[in-house]
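Asker: Please work out how this folds:
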Amino acid sequence: MEPENLRENWELLGDVFYETTEVYEMEWVDKVLKNYKLVMAPYGGMIALAWDSKQLSRGQPKRFIEIYNAAGILLNEIATQYERISVVNLGWSQNEDLIVVTDIGSIYTYDFDGTPLSQASATDAVQDSRVIEAKVFPTYGGTRTGVALLTGSYRFYFISDVSEENPQYKLMADVPGLDNPPSSWAVLPHDRSIEILVSNNNKLYLIDRGSCSPKYPQRMMQSSGAVTEMSVLYKTLDIALFSENGFLWVGSSDLQCMYTEFDTGVTNRPSQLSWCGTYDSMLDMSAAIILVWDSMNQYQVVGVGVDAESTIHYTDSSICVCHEIDGARIISSKSHELIRRVPQAMVDVFRVGSSQSGALLYDAQREFDQSSHKANDYMQEVVERGDIELAVTQCINAAACSTKPKLQKALLRAASYGKCFLANDSPEHFVEMCKTLRVLNEVQSFRIGIPLTYQQLHSFTILGLIKRLVRMRLYYLALPIVDYLKIPGGQQMVLSHWAMDKVKHSKESDEAIADAIFKRVGPSDSISYASVANEARNNGKTELAIKLLDYEPRSAEQVPALMRMSRFTNAIEKAIESGDMDLVHTVIVAMEAKQTSRDFINTLKDYPVASAWYAKWCSLTDSQKLHDHFYTQDNFEASALLSIKELDASMMLDAKLKLLESINRHFTDGSKEFEARQTKEQIALLKRQMALQTKVADIIGLNLNETISILVQRALLGDADNVRKEFKISDKKFWWLKVRALAQTRNWPELEKFAKSKKISDWLFTVCYGMY
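Answerer: Predicted coordinates:
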């Protein structure tokens, strides 16, 4: 592109150039925009159109909100189905959700595809008086979205964050003498509060929740009259005021600092008043104000500054102005134009008579392509200045600011030409700019319709662009971009949204959907299959969710997801396979709480690992549960051993006897013959001890040998002999016990008598000698 052709669209306001470029010819060629309420999301976002109730005749209901891309291509229609109410205003939230405010104060929030996200109802006072005006505005530093209302009772209400759960309208202070609609009003959001500037009867009032105070703009002409239109620049909280006498006042929102006062020469109230760009005198960021008069088919651009100037543009149809950080978009029924301050990098290179190094490098490259000797002259001058690196940077920056691919290519060729004269130049900046511009040109295409400038992309960020492409379901474009730019976590985000969208909207079979997702993503942790499965479950596709969870490699996500679907059998299998016993424990606890006793028992029977872990847990927390568990699992031996551990010397005899009988039954049912026989003998011994307790008080709890010994020691030889017979103790063992017991008590006469009656003289001496 020749510089002369480029400069044709430049206009000088004071000492600042502005340019108007056509972005698209709109697809909606027959739209009469004056019949609609139009809002456009910032950063070249989507356009929402709703019929203006003031333009509707009776019997002409329009129950659709239309969503277009920036090129006017219809993307979606939202059926509102509002009964006997109308749309007062629209707006886009900071998350690019559509906010709809009705005349009864209800706030509806929709996502891109028309799915209702939330609804907030107004108080009876708002509904009864109806809403006559509403404004949607950013709050909390641009991270949230608020709504302010003016009702038919001429009172103001606001919600500072429509995304919070069950938001409630808050009443602002009353404006004195406000018994008619104010001539204009604007919202001034602060970090933790909201203020509203109201124009009424040639006076300005600033109201908040508890107070109302008059305001007097600095140096504003007293003859200016009532303020009929206001516009707030939310990023810096600057404000533009248009008075009924045609004066435009621009300054800070506290009205204490004036930037510009300009006589537009038009006293009619403008149909729109909008900022163009962002103003900051300290950072040399110039802005302009655009005033639109549909009735006159014209709009006026006024520069903000000490020596304000303006230009007038004429239109052949209604237009809508949408603010951007670096300019403004002019939307009409035929075209989409961008008006903005010409970036300084472009001015440095293309201004008439520019002697900047970047301009010389650009001219040198053009002459070099034509094999002209002038290329050497231009480059010689740049080299003598020592500005080759500066010239390369200026050309690269100018390419970034251009919206024309051919001009971008020419500027980058010039930068590449200049880099040949640098010995130790780093290529990163040049390469990154080439990649970024390639992405911008792709998304700016008519079929995509996201006309971002480089300055807007810098504020919007690449990640914000990817999120928008995902919301628009342009996965085929988003995925190559994140791979091309190597965005950390980008592929995971895109694939996750694609998979969830396919789960939600695909009409294929569950098996086909699961196979398609796995084929595209593969057996990796690049996305969370558990999150996709959760989306499937929320859409009533439980079997699909289970199939997807089979692909989830992270057990910590897979198992809880299965539990949320009450698929405990699958959950316990996956938990055991993972080898994570904490996970197994979590599943068991959930199963016990949510399953019936029968299902819980049957599940544990099928999984010995889970059964053993449950037993271990019960042994530490609840022995009765452990008894029940062993009983249901037919584990008689374990039940018997557990009961043995519970035997306590301090137990009541009846309870101990009952417990021993229970142990005996468990061993018998478990075919443990030896253990059962030993337990039976213990029962018999305890019963014998209970019978002898009146004679020997401390006999309870002794074993068989000790029982015989104590009976002999207490001279109850007959009872000792009965015990011998009952428990079939051999003669030799009984004699040994008896001799030992008699020797311990020094019952020598009885011992002598016993020795003479039995042939025990050979070892009697050994026993007695060992004891004494």
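
Asker: Tell me, how many residues neighbour residue 247?
Answerer: Other residues lying near residue 247 total 20 when counted by other CB atoms under 10 Å. For every residue, glycine as well, the C-beta is placed using N, CA and C.

Asker: swap in residue 209?
Answerer: Counted by other CB under 10 Å, the residues lying close to residue 209 total 13.

Asker: Tell me the secondary structure at it.
Answerer: coil (DSSP: H, G, I helix; E, B strand; the rest coil).

Asker: thinking it is in contact with residue 170, fair?
Answerer: Yes. Proximity of residue 209 to residue 170 meets the contact threshold set by CB atoms under 8 Å, at 6.2 Å.

Asker: Next one: the spatially most central residue of the chain relative to residue 41, how far apart?
Answerer: When CA atoms, centre = their mean is applied to the chain, the residue found nearest the centroid is residue 95 (11.0 Å). Per CB to CB, to the nearest Å, residue 95 is found 10 Å from residue 41.

Asker: on that earlier part again, confirm the residue nearest to the centre of the chain sits in a strand?
Answerer: No. Looking at residue 95 with three-state DSSP, it is coil, so not inside a strand.

Asker: Enumerate every residue touching it.
Answerer: Residue 95 is in contact with residue 163, counting by CB atoms under 8 Å, 6 or more residues apart in numbering.

Asker: next one: the one 5 residues further on
Answerer: Residues near residue 100 by CB under 8 Å, 6+ apart: 50, 65, 80, 87, 90, 107, 108, 109, 110.

Asker: in a helix, that's where it is, yeah?
Answerer: No. Counting by three-state DSSP, residue 100 is not found in a helix; it is strand.

Asker: now it: how far from residue 36?
Answerer: Distance, residue 100 to residue 36, by CB to CB: 14 Å.

Asker: Can you work out which residues contact both of the two?
Answerer: In terms of CB under 8 Å, 6+ apart, residue 100 and residue 36 are both contacted by the residues residue 50.

Asker: remind me which residues of the stretch 551-700 of the chain are low pLDDT?
Answerer: Where the stretch 551-700 of the chain drops to pLDDT under 70, the residues are 618-666, 668-671, 673, 675-676, 679, 681, 685-686, 689.

Asker: what about the helices in it?
Answerer: Along the stretch 551-700 of the chain, counting by DSSP state H, counting those that start in this stretch, helices occupy 555-564, 568-578, 581-594, 597-606, 608-621, 623-632, 636-646, 653-669, 673-692.

Asker: Give me the secondary structure label for residue 469.
Answerer: Strictly by three-state DSSP, residue 469 counts as helix.

Asker: pretty sure residue 572 is touching residue 589, no?
Answerer: No. Between residue 572 and residue 589 there is no contact under CB under 8 Å: 11.5 Å.

Asker: Looking at the two, which has the bigger crowd around it?
Answerer: Shown here are residue 572 and residue 589; by other CB under 10 Å, residue 572 has more neighbours (25 against 13).

Asker: can you pull the contacts of that one?
Answerer: Residue 572 neighbours (CB under 8 Å, 6+ apart): 584, 587, 588, 591, 603, 607, 610.

Asker: cool, residue 141 as well?
Answerer: Residues counted as contacts of residue 141 (CB under 8 Å, 6+ apart) are residue 191.

Asker: distance of it from residue 387?
Answerer: As for residue 141, its distance to residue 387 is 40 Å (criterion: CB to CB).

Asker: again, but for residue 457
Answerer: For residue 457 relative to residue 387 (CB to CB), the value is 28 Å.

Asker: what's the answer for residue 103, then?
Answerer: Residue 103 sits 62 Å away from residue 387, going by CB to CB.

Asker: Could you check which of the two has the larger neighbour count?
Answerer: Between residue 103 and residue 387, counted using other CB under 10 Å, residue 103 has the larger neighbour count: 23 against 19.

Asker: mind checking the backbone torsions on that one?
Answerer: phi -80, psi 0 (degrees, to the nearest 10).

Asker: same deal with residue 395?
Answerer: Main-chain torsions, residue 395, degrees, to the nearest 10: phi -70, psi -40.

Asker: How about the contacts made by it?
Answerer: Going by CB under 8 Å, 6+ apart, residue 395 touches 349, 358, 361, 362, 411, 412, 414, 415, 418.

Asker: before we move on, what about residue 494?
Answerer: Here residue 494 is in contact with 466, 470, 475, 478, 479, 482 (CB under 8 Å, 6+ apart).

Asker: Repeat the analysis, applying 10 Å as the threshold.
Answerer: 466-467, 469-470, 474-475, 477-483, 487, 527 (CB atoms under 10 Å, 6 or more residues apart in numbering).

Asker: Now restrict the residues you listed to buried residues only.
Answerer: 466-467, 469-470, 474-475, 477-479, 481-482, 487, 527 (16 or more other CB atoms under 10 Å).

Asker: out of those, which are inside helices?
Answerer: Members of the buried ones among the contacts of residue 494 lying in helices (criterion: DSSP state H): 466, 467, 469, 470, 475, 477, 478, 479, 481, 482.
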